[in-house]
Each structure stands twice: as C-alpha cells, then as structure tokens.
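**Q** would you be able to build a 3D model of this:
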Amino acid sequence: MKRNNLSGPIKSYTEHSLNHATSTSFEDTYHFNEEGFITHIDHYNHRYVEQDSLALGEITFFEKVSNTERNSKTISVDDGQVSKIKKEVLVNDSTLHIYTKSITTKYELKTIHTWDKDYKILSSTTTGKKWNDMNNSLYSKVVFSYRDNQLVEMKVSNDSTRLPFKKSKVTESGIDEFGNFLKREYFDSKDGLQHTVTRSYEYY
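**A** I've put the predicted structure just below:
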C-alpha cells in the first residue's frame, strides 16, 4: 500500500495539469512519510491559463486500516464538508482495487491496477457511473496501458450508449535521477496535443 509507480525517497511531488483544448489547468501536491506511505494531497482549484494564482480547494487525508487496506476522505477547505470518500484494497501482490464515491458530484468509480512479477505496472482500468439531474446513470470506462513502467496509451468510453473507445497516445519524457518522469503528453490522432502534465519532486 505504498506509493504506486514511483521511485526514490520521495517526500512530495507536485503535478501540474494543462488542458490545451479548454486553456484550463489545475495542480495537486502529494505528500509522503519517510516509510513511503502517502499522508495527504493538496488539491488546487481549476483556473484559466492567464490567471497567475492557484487557490487551495480541497485536501485528501489518508488513513491506514491494515497492511492491505486504507481509506481516504477529501475535504473542502471552504466549508469543511467531505466531498469524496475512497477505499483501497490490495487484493494480492499484483492487483489493487480502489472504490471511489463522490458526494458532491454524484459518481461512483471502481479502479483496478495490475502489476507484473517485477512490480512494473501493466494497466489501470476505471469503470464508473455518474448520475445527472434527472437521476439517470451514465456509464464510463477509462483504460491506461503501460510499457516498462511508462504510460503509453489511454482509452476512454463515455455515456450510457457505450460508445467505442477513443484512444490517446501518451509519451513521457524528462526522467529524473530516480527514474521518475517530469513531463507527460496526451495526443489525439485527429486533433494533436490535448493535455500536458508536468511534475516536480522533493526527496528525503
């Protein structure tokens, strides 16, 4: 139940995400203890690119239940209300199940991570339902595929009609001294670059 797909004695890392289509970005900072367990995540609000400052919107706190299970709660900074709850269960040495329920935006997710015998991540699949204002449920599925611990493809299928997967090619670059990526880009076959993620790391 330690950090996933990360190397080195990480104290924290900050992930900045830019959506080129909407010109919006957001930022999360993940914090770890010296044993490698995540303690909390700072979530900064979405903003338009031309805005200079980010405001802290939510914080996710983690609680260890056992060596194979942990829970987390995401709390709004403004009103102190819980907006999301999550349960993570390590099924075996190669499979992790994550159950997520959003209270504010009415969705439920199940995520399955798998690794090979060398603990290199193979895939991450998330299936979920979201309820609209008419209380109708909408289906979604996202599949991430990895090669040599690097994300190489994302496939997305949305809404209740279960449309065919939309594929995005993913590239990672700028590996640091511990082998952690510094930049990740998502490309659509038709529209080109869609999304850019950059990371900065702090180590113990």
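
**Q** low-confidence bits of the protein, can you list those?
**A** 1-4, 47-53, 132-137, 159-165 (pLDDT under 70).

**Q** any idea where the strands of it begin and end?
**A** Chain-ordered strands for the chain, with DSSP state E as the definition, fall at 10-19, 24-32, 38-48, 56-66, 69-76, 82-92, 95-102, 107-115, 121-131, 137-147, 150-158, 166-173, 183-188, 192-203.

**Q** got CSV for those, with mean neighbour count too?
**A** For glycine as for every other residue, the C-beta is placed from the backbone atoms N, C-alpha and C. As requested, the strands of the chain are arranged in CSV below (neighbours: other CB atoms under 10 Å):
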stretch, mean neighbour count
strand 10-19, 16
strand 24-32, 17
strand 38-48, 16
strand 56-66, 14
strand 69-76, 17
strand 82-92, 15
strand 95-102, 16
strand 107-115, 17
strand 121-131, 16
strand 137-147, 16
strand 150-158, 16
strand 166-173, 15
strand 183-188, 16
strand 192-203, 15
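
**Q** ok, and what's touching stretch 191-201?
**A** Defining contact as CB atoms under 8 Å, 6 or more residues apart in numbering, one finds that stretch 191-201 is touched by 8, 10, 12-21, 168, 176, 178, 180-188.

**Q** partners of Phe62 in the sheet?
**A** Phe62 forms beta bridges with Ser72, as assigned by DSSP bridges.

**Q** if you could redo that for Leu56, that was the one I meant.
**A** Here Leu56 sits in beta bridges with Tyr44, as judged by DSSP bridges.
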